[in-house]
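# generate a structure from the sequence data that follows.
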Amino acid sequence: MTCPVAHLVALAISDEAFKLPGLNTAGSVFSKTLPPGQHQVVLHWKEDILDKPIFRTNRRGMPDEELSNNIAAKRLSSLGKRIGYEDSLTWYCLRRMVLNAVDDLGSDEVRNQIAGHLESRTYRMHYQDQHINIDVANVVRGQPTEDGLLRKLNCMGVNKDPNANVALPPGYNEQIAALPDVAALEAECRRLTASLKDKYDLIRNAPGSDPLVEKRKEAQRKHRAKKEYYRARMKAELRKEYFVRKDDAIIEAQMTEDSKSPSTRQLGMLRSN
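Modelled structure (predicted):
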C-alpha cells in the first residue's frame, strides 16, 4: 500500500497546505536537507488548513465535509479490491496489522499506548494474529527455520491479485434488466415518464411542484440502485470464483508443454470466462 507519509504530502501539495509557497511539489519537499547543527526542520501548515479533514467529501462548490464512517469504510473496501486483496479491507484490518507489527518490536505498554488500550487483554482477545509465524517443524528437527517465509505467507496481502477485478461478461446487464424486481422498477419509470409527457409534452416542461416529477426521480433512483446492487453481487461472485480457480489454473498451465507464458494465458482465460 502507499506510504502514509508520501500520501499525506501529496494531499498537502494538492491543497496548497504548506505555509511557504515554494513547497508545492514532491521534489521541493523531499529534497530539503538539514544544515549543520540542526536536527529537525518543521514544515509549517497554513492556518486555514489546520481544521480541514483529511478524509473528506470532494464536491464542487460545497464546503469540505468529513467523510461519514459508512462512506469511508466503503471507499477503503473499494481500495482493497482495486489493489487485489481477496478479503475485504477494513479499518480493523489496518489496526490489526499495525498492532501485530508493533507487538514484535516494542513492549506491551508501547503497543497499548498506540492502540489506546488500557491493558493487554483487548489486544490478546481481538487483535493478536492467530497464525503462528514460527517454523515449528524445523525447530523440533533442529533444522534452519523458515520463519520469514511463514510470516509472508500469513500476511493478508500474500494472495492479492489485481486481475481478480473482472468485468461483467457480455450479456450480464441484459440478465439484470430481466430480473422481476428490476423490470418492475423500469416499468414504473416508464409509466411516470409517459404520464408527464402526456401532461407537458416534454419532461423539461414539467414544473418541479408536480408530485409526478419527484415520484419519477425516486423511481429512477431506486431503479439505478437495484441494478447496481445486482452488478456488485455478480462481480463479487466472479471475484470469489477467480480466487478459487486461480491456483489450479496456474498449475495446469505449467503442466501444458506448449505454453510459453502459461500463468498469464490461463489467468486471462479466467478473466474472460
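# centroid residue for this protein?
Closest residue to the average C-alpha location of the chain: Leu79 at 1.9 Å, with Cα atoms, centre = their mean.
# wasn't that one part of a helix?
Yes: assessed with DSSP: H, G, I helix; E, B strand; the rest coil, Leu79 lies in a helix.
# okay, the closest residue to it other than its chain neighbours: pLDDT?
Closest residue to Leu79 apart from its sequence neighbours, by Cβ to Cβ, 6 or more residues apart in numbering: Leu89 at 6.5 Å. Glycine gets a C-beta too; all of them are placed from N, C-alpha and C. We have a pLDDT of 90 for Leu89.
# just to check, Leu89 is in contact with Lys74?
No: the criterion here is Cβ atoms under 8 Å, and Leu89 misses it with Lys74 at 10.9 Å.
# and the two? Which one has more around it.
In this view Leu89 and Lys74 are compared by other Cβ atoms under 10 Å, and Leu89 has more residues nearby, 21 against 12.
# quick check, distance from stretch 24-37 to the centre of its chain.
Mean C-alpha position of stretch 24-37 versus that of the full chain (Cα atoms, centre = their mean, to the nearest Å) differs by 32 Å.
# could I get the full set of helices for this protein?
Listed in chain order, the helices of the chain (DSSP state H) span 4-14, 26-30, 69-83, 91-103, 108-115, 121-126, 136-141, 147-153, 172-177, 180-200, 211-254, 262-272.
# pLDDT weak spots in the chain?
For the chain, applying pLDDT under 70 flags the ranges 1-2, 60-62, 257-273.
# just to revisit the earlier point, distance check, the residue nearest to Leu79 against Ala167.
21 Å (Cβ to Cβ, to the nearest Å).
# what of Ser31?
Using Cβ to Cβ, Ser31 is found at 41 Å from Ala167.
# and if you look at Met125?
41 Å.
# quick one, domains of the protein?
Annotated domains of the chain cover 1-67, 163-272 [automatic domain parsing].
# who wins for proximity to Arg96 among the ones you listed?
Among the domains of the chain, domain 1-67 comes nearest to Arg96, with 14.2 Å by Cβ to Cβ.
# circling back to that earlier point, CSV for the domains of the chain, including distance to Thr145?
Converted to CSV, those look like this (distance: least, Cβ to Cβ, whole Å):
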stretch, distance to Thr145
domain 1-67, 28
domain 163-272, 25
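# just name the most buried of the ones you listed.
domain 163-272 (a mean of 13; mean count of other Cβ atoms under 10 Å).
# before we move on, back to that, nearest to Ile54, of the helices of the chain?
Closest of these to Ile54 is helix 4-14, at 6.4 Å (criterion: Cβ to Cβ).
# with only the CA atoms kept, save that closest one in CSV.
Output in CSV follows, covering the C-alpha atoms of helix 4-14 (Å, rounded to 0.1, in the frame of the first residue of the first chain):
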residue,chain,number,x,y,z
PRO,A,4,1.3,7.2,4.5
VAL,A,5,3.9,10.0,4.7
ALA,A,6,4.0,10.2,0.9
HIS,A,7,0.2,10.1,0.7
LEU,A,8,-0.1,12.9,3.3
VAL,A,9,2.5,15.1,1.4
ALA,A,10,0.6,14.5,-1.8
LEU,A,11,-2.6,15.7,-0.2
ALA,A,12,-0.9,18.7,1.3
ILE,A,13,0.6,19.7,-2.1
SER,A,14,-2.8,19.4,-3.7
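# stretch 245-259: how far from the chain's middle?
30 Å.
# can I get the CA coordinates of that stretch in CSV?
The C-alpha trace of stretch 245-259 is given here as CSV (Å, rounded to 0.1, in the frame of the first residue of the first chain):
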residue,chain,number,x,y,z
ARG,A,245,-9.8,-21.3,-9.6
LYS,A,246,-6.6,-19.3,-9.9
ASP,A,247,-4.1,-21.6,-8.3
ASP,A,248,-5.4,-24.7,-10.2
ALA,A,249,-5.2,-22.7,-13.5
ILE,A,250,-1.6,-21.7,-12.8
ILE,A,251,-0.6,-25.3,-12.0
GLU,A,252,-2.5,-26.7,-15.0
ALA,A,253,-0.8,-24.1,-17.3
GLN,A,254,2.6,-25.1,-16.1
MET,A,255,1.8,-28.7,-16.9
THR,A,256,1.0,-27.7,-20.5
GLU,A,257,4.0,-28.2,-22.7
ASP,A,258,3.2,-25.8,-25.5
SER,A,259,2.6,-22.7,-23.3
